[in-house]
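Enquirer: Sequence first, then the predicted structure:
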Amino acid sequence: MRGQRVETSQRDSAVGLSFLRGGARPPITEVVTYIDAHRSESTGGLTWGVEPICEQLRVAPSTYYAAKSRPTSKRSLKDRGLGPQLKEIWKTNYSDYGRRKLRTTTFWSSGAIANPTATSRTF
């Protein structure tokens with residue numbers, strides 16, 4: 001037998017928004033940051049390393065090493081440069097603009113952002 005149904009306005013949206021959002025594994029950047037922060041620690045005289053941490057996180061060590069040796073992409077370098085510009089435009093417009101208005105404003109004023117996903121990635 002089913003439980004009682006809850007009205008739409010009474011649902012807990014904070015729980016619903018985070019359900020299965022992260023995927024099966026954490027993002028690679030989080031894994032690399034965690035490993036870098038903890039790989040030199042020791043417990044009981046044994047030093048942690050990349051491989052034991054990866055084993056516990058269920059991530060292949062090659063994933064860590066590939067992420068560390070991979071050069072930064074041109075796209076992420078461009079996005080880093082756009083971040084401060086987007087924030088400035090957002091503050092100028094009373095912090096009221098969303099992704100779509102922000103993109104439209106920057107596109108028509110300077111043509112800096114031609115790709116609509118750049119706004120959502122950097123902002």
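Expert: Great, that's in hand.

Enquirer: so what are the domain limits for the chain?
Expert: Using automatic domain parsing, the domain ranges for the chain come out as 13-69, 74-122.

Enquirer: hey, which of these is tucked in deepest?
Expert: Across the domains of the chain, averaging neighbours per residue (mean count of other C-beta atoms under 10 Å) puts domain 74-122 on top, at a mean of 14. For every residue, glycine as well, the C-beta is placed using N, CA and C.

Enquirer: Isn't Glu51 up against Pro61?
Expert: Yes - when contacts are counted by C-beta atoms under 8 Å, Glu51 is listed as touching Pro61 (5.1 Å).

Enquirer: what's the lengthiest helix in the chain packed up against?
Expert: Ranked by residue count under DSSP state H, the longest helix found in the chain is helix 74-92. Other helices and strands packing on helix 74-92, by 3 or more C-beta pairs under 8 Å, 6 or more residues apart in numbering; DSSP states H and E, are helix 99-109, helix 116-122.

Enquirer: lowest-confidence stretch among those?
Expert: Among the helices and strands packed on helix 74-92, helix 116-122 carries the lowest mean pLDDT, at a mean of 56.
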